[in-house]
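Participant: Make a model of this:
(chains A and B)
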Protein chains: 2
Amino acid sequence: MTESRLDRPPRPDDIAPAPTAADRTAWARADRMARPTRLARLRERLLEADVDAYFGVRSENVRYLTGFILGDGEDRVAGSSGWFLVGSNEVVLFADSRYAIQAAREAPGARIEPVYGDLEKRWPELMASLGARRVAVEADHVSHGTWEKLAAAAPDVELVPAAGWVEAQRAVKEPAETVRIAAACSVADLALAALLPEIRVGVTERELAFRLEWLMRTGGADGLAFDVACLAGPEAALPHGSPGDRAVTRGQVLLFDFGAQIDGYRSDMTRTLFVGEPSARDLAIYELVAEAQASTIDGIAAAIRTGAALPSGRAADGLARAVINAAGHGGHFGHGTGHGIGLATHELPSLGRMATDEPLPSPTVFSVEPGVYLDGEMGVRIEDLVAIDVAAGRCIRLTNFPREVVVVDG
Amino acid sequence: MTESRLDRPPRPDDIAPAPTAADRTAWARADRMARPTRLARLRERLLEADVDAYFGVRSENVRYLTGFILGDGEDRVAGSSGWFLVGSNEVVLFADSRYAIQAAREAPGARIEPVYGDLEKRWPELMASLGARRVAVEADHVSHGTWEKLAAAAPDVELVPAAGWVEAQRAVKEPAETVRIAAACSVADLALAALLPEIRVGVTERELAFRLEWLMRTGGADGLAFDVACLAGPEAALPHGSPGDRAVTRGQVLLFDFGAQIDGYRSDMTRTLFVGEPSARDLAIYELVAEAQASTIDGIAAAIRTGAALPSGRAADGLARAVINAAGHGGHFGHGTGHGIGLATHELPSLGRMATDEPLPSPTVFSVEPGVYLDGEMGVRIEDLVAIDVAAGRCIRLTNFPREVVVVDG
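Facilitator: Have a look, this model is predicted:
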């Protein structure tokens, strides 16, 4: 399947506008209304596992369950602030003096408890207040050191490793969550469209990355989903490279991997542009990657359309990989095909060789981003976010920037 | 001690310029030269603790020891990439296909090993290759889940919890580290000086925060140390609040807490400005905080000047707290007086009530940032970075923006 060229480069007004204040008010309300349900689902899981409470430290989880927001990277300086407990009747949120007022404001449903890096001292009393004898603990996020301190502080309280409980809930998206991811996609789409006329031979990766960030930040993004990657020519063979002071030259590919953040929800997209006319080899690689991407999305869409079972993350990955393997480039596609996205840039479900054989959840949002990387020469990746909803019979791309070959400074 | 007013607002040309390309080349060389010493010091510690290897996951530590760089937040998507082992003769750095080329480039001294979220499968063989029977593990950063998997994978290899081993080394700064922190301070100083004429009644916290970020990013910063806090009036009582769409009004305090990043090294500063003439009460609070800050720095400087033992982090905190307690505001100063800074925004040494009684390390860099917060009314914090070097008889502020009362839009 050869994607056709655009008649003209995409323009900002091809794409939806940034969210309004009214949107934001509606989202805040939707979150407030959803939180009791989210907590109720977690409590069902506690009951199934025969535990009395859930102890969490992951910032996305505390935001999802309580409303308390730590900015990106802030968990590194917050200490125990933002750690939380969900018991059968109440939610306890820890906040030192720096965060106490904010916690009371953002998480009005929680009991705010002061803690200063000494949670273990308060642990026995807290467990007693929740009537907890068995506690599920976010074992993939709580450090071993903290686990040992809590275990020693209340030897009669059993700590039960829990992995992915809240994350599995977060993989299934509420409508107001998908809408925010879509809004973040729009901001990113728009920013790249606005950047296109500025891409010229001689401009550096770093300048373009910064400009793209600026366009997102002034275009309605609350922040970035992650640092913008802008990689020219052979650098595009590094799937997680960083922009440098390398100037763009004619005949190179130019890969942008970037995302915006709207109200905590993230987008993630990759486009590989051509600076001047592509070589036949580069064009063939591009078309191969585009075909692998379309094949994955089409396969999932067909399952939804026909009422067949949704493919697993592993099977979905296989759809892209089969196309690339058949072209002899299997060895040049080392990463997975995609990942869920929401409050975290990478979350469940995973679309990869090591993903589970469970069908994908629904409704959910994930990236589809196959790539082919020729070490030292070039790389191509095309990444869109896709929202699926089996009950609604829906499988749509949230990324609307064209996927056709785009030649800049031609 | 009353700080005097400035005759005129500070201007960008009062402050040192941003670093040059030659500076950056010199820093890269200094790091390359220092890494063998850093590794040798860690190996001495391994020997003392009778362990054969060190297993780490913290991104600042892998950067410090090997040169491999994960951007802020990238550890959340990198999986096991960037995890590392230091054995007696070699360093092993884990990188999946996304990071393999980058790892080989940035950490030429390390053996790069592919790993795909299945480190436990490779653990027995890796331990054998390092001849390791006892391994120190970053227990405050390795999750309990990972610890359990590794322990089960090689039951004959003993895991020994290690906390703060590399962090204690990082607290003692090499000259090229302090220089980069100072450069980050200059960028931040300059940005706030350039922002001053733009601060007017009616502009929002969010606009000012974004503008200050822009000034740092275009003024030589590679990134921010953390999200800019700009908090007006009663919001300034939230020591870790976030800027909102609140417009600045006359008579308010306006608190900026922000920092730049240069080559991975961070700055951190806080200034509390007055929008229009301050009230007598607000001015008194400001002067109290300034006095508490000066008292701490003067106390440390006096110890260095007289050859007395350096105060402990707890004693240094006590210097600021005594001033604020004496004025009856002890209950309005909930956080610690300061923290070390370097590759992480918060690192050792800690200057707080719960800090150790060990003397401060030297040479080192830390913040001194007392504050007084009147809930619902206003808050004042003044934060500078201070570099000390006992051998050189040095105690200097790296933050050069004036600490005197600054009135904007007066």
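Participant: Which single residue of the stretch 301-410 of chain A ends up nearest chain B?
Facilitator: Residue of the stretch 301-410 of chain A nearest chain B, by C-beta to the nearest C-beta: A:G334 (2.7 Å). Using the backbone N, CA and C atoms, a C-beta is placed for each residue, glycine as well.
Participant: Spit out the contact partners of the closest residue in space to that residue that isn't next to it in sequence.
Facilitator: Among residues not flanking A:G334 along the chain, B:S97 sits closest, at 2.7 Å (C-beta to C-beta, 6 or more residues apart in numbering or on different chains). By C-beta atoms under 8 Å, 6 or more residues apart in numbering or on different chains, B:S97 lies in contact with A:P239, A:G334, A:H335, B:P114.
Participant: top of the residues you listed by neighbour count?
Facilitator: Among the contacts of B:S97, A:P239 has the most neighbours (other C-beta atoms under 10 Å in any protein chain shown), with 25 neighbours.
Participant: how many neighbours does A:A247 have?
Facilitator: 15.
Participant: Hmm, A:G202 and it touching each other?
Facilitator: Yes - using C-beta atoms under 8 Å, A:A247 is in contact with A:G202, at 5.2 Å.
Participant: follow-up on the earlier one: ok, so of the contacts of B:S97, who is nearest B:L208?
Facilitator: A:P239 (36.9 Å; C-beta to C-beta).
Participant: how about the residues of the stretch 201-350 of chain A near chain B?
Facilitator: Residues of the stretch 201-350 of chain A lying near chain B by C-beta under 8 Å from any C-beta of the partner chain: A:210, A:214, A:217, A:223, A:226-227, A:237-242, A:334-335, A:344-346.
Participant: sorry, back to before: so the residue nearest to A:G334, which state does it fall into?
Facilitator: With DSSP: H, G, I helix; E, B strand; the rest coil as the basis, B:S97 sits in coil.
Participant: Quick one: neighbours of A:D50, just the number.
Facilitator: A count of neighbours around A:D50, defined by other C-beta under 10 Å, yields 10.
Participant: pLDDT at it, what is it?
Facilitator: Listed pLDDT for A:D50 reads 98.
Participant: Make sure it is indeed in a strand.
Facilitator: No - secondary structure of A:D50, determined by three-state DSSP: coil, with no strand assignment.
Participant: How about the contacts made by it?
Facilitator: A:R134.
Participant: distance of it from chain B?
Facilitator: According to C-beta to the nearest C-beta, to the nearest Å, A:D50 stands 20 Å off from chain B.
Participant: cool, and A:L190?
Facilitator: Taken as C-beta to the nearest C-beta, the span from A:L190 to chain B is 18 Å.
Participant: again with A:A194
Facilitator: Taking C-beta to the nearest C-beta as the measure, A:A194 falls 17 Å from chain B.
Participant: what about the most centrally placed residue in chain A, which helix or strand?
Facilitator: Central residue of chain A (C-alpha atoms, centre = their mean): A:T345, 2.2 Å from the mean position. Using DSSP states H and E, A:T345 falls within no helix or strand.
Participant: from memory it sits against A:R266, does it?
Facilitator: Yes - counting by C-beta under 8 Å, A:T345 does reach A:R266; the two are 5.0 Å apart.
Participant: which residues do the two both contact?
Facilitator: A:A225, A:F226, A:G259.
Participant: for these, which one is nearest B:T306?
Facilitator: The shortest approach to B:T306 among the shared contacts of A:T345 and A:R266 belongs to A:F226, at 49.5 Å (C-beta to C-beta).
Participant: any idea how far that closest one is from A:L255?
Facilitator: Distance of A:F226 to A:L255, computed by C-beta to C-beta, to the nearest Å: 14 Å.
Participant: who has more neighbours, these two?
Facilitator: The neighbour count for A:F226 versus A:L255, taken as other C-beta under 10 Å, is higher for A:L255 (29 against 22).
Participant: which secondary structure element contains that one?
Facilitator: Counting by DSSP H and E, A:L255 is part of strand A:253-258.
Participant: from the chain's centre, how far out does stretch A:150-168 sit?
Facilitator: 26 Å (C-alpha atoms, centre = their mean, to the nearest Å).
Participant: list the helices and strands the helix or strand hosting A:L150 packs on?
Facilitator: Element membership for A:L150 (DSSP H and E) is helix A:144-153. Contact analysis of helix A:144-153 by 3 or more C-beta pairs under 8 Å, 6 or more residues apart in numbering or on different chains; DSSP states H and E lists helix A:119-130, strand A:158-162, helix B:144-153, strand B:158-162 as its packing neighbours.
Participant: Mind putting those into a markdown table with mean pLDDT?
Facilitator: Converted to a markdown table, the helices and strands packed on helix A:144-153 look like this (pLDDT from 0 to 100):
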| stretch | mean pLDDT |
| --- | --- |
| helix A:119-130 | 96 |
| strand A:158-162 | 98 |
| helix B:144-153 | 98 |
| strand B:158-162 | 98 |
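Participant: of all these, which lies closest to B:A320?
Facilitator: Taking those one by one with C-beta to C-beta, helix A:119-130 is closest: 24.9 Å.
Participant: got the contact list for that closest one?
Facilitator: Here helix A:119-130 has contacts from A:52-53, A:80, A:83, A:85, A:87-88, A:90, A:92, A:94, A:113, A:115, A:133, A:135, A:146, A:149-150, A:152-154, A:157, using C-beta under 8 Å, 6+ apart.
Participant: Kindly write the ChimeraX command that selects the buried subset of those residues.
Facilitator: The buried subset of those, as determined by 16 or more other C-beta atoms under 10 Å in any protein chain shown, is captured in ChimeraX by this line:
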select /A:52,53,80,83,85,87,92,94,113,115,135,146,150,153,154,157
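Participant: Just list the residues touching the residue of chain A positioned farthest from its centre, thanks.
Facilitator: In chain A, counting by C-alpha atoms, centre = their mean, A:D156 sits farthest out from the average C-alpha position, at 38.3 Å. Residues near A:D156 by C-beta under 8 Å, 6+ apart: A:R133.
Participant: hang on, it in a helix?
Facilitator: No - per three-state DSSP, A:D156 lies outside any helix segment and is coil.
Participant: Show the pLDDT at it.
Facilitator: 97.
Participant: residue contacts, the residue lying closest to A:I300 once chain neighbours are set aside?
Facilitator: Among residues not flanking A:I300 along the chain, A:C395 sits closest, at 5.7 Å (C-beta to C-beta, 6+ apart). Contact analysis of A:C395 by C-beta under 8 Å, 6+ apart lists A:I297, A:I300, A:A301, A:I304, A:R305, A:V386, A:A387, A:I388, A:D389.
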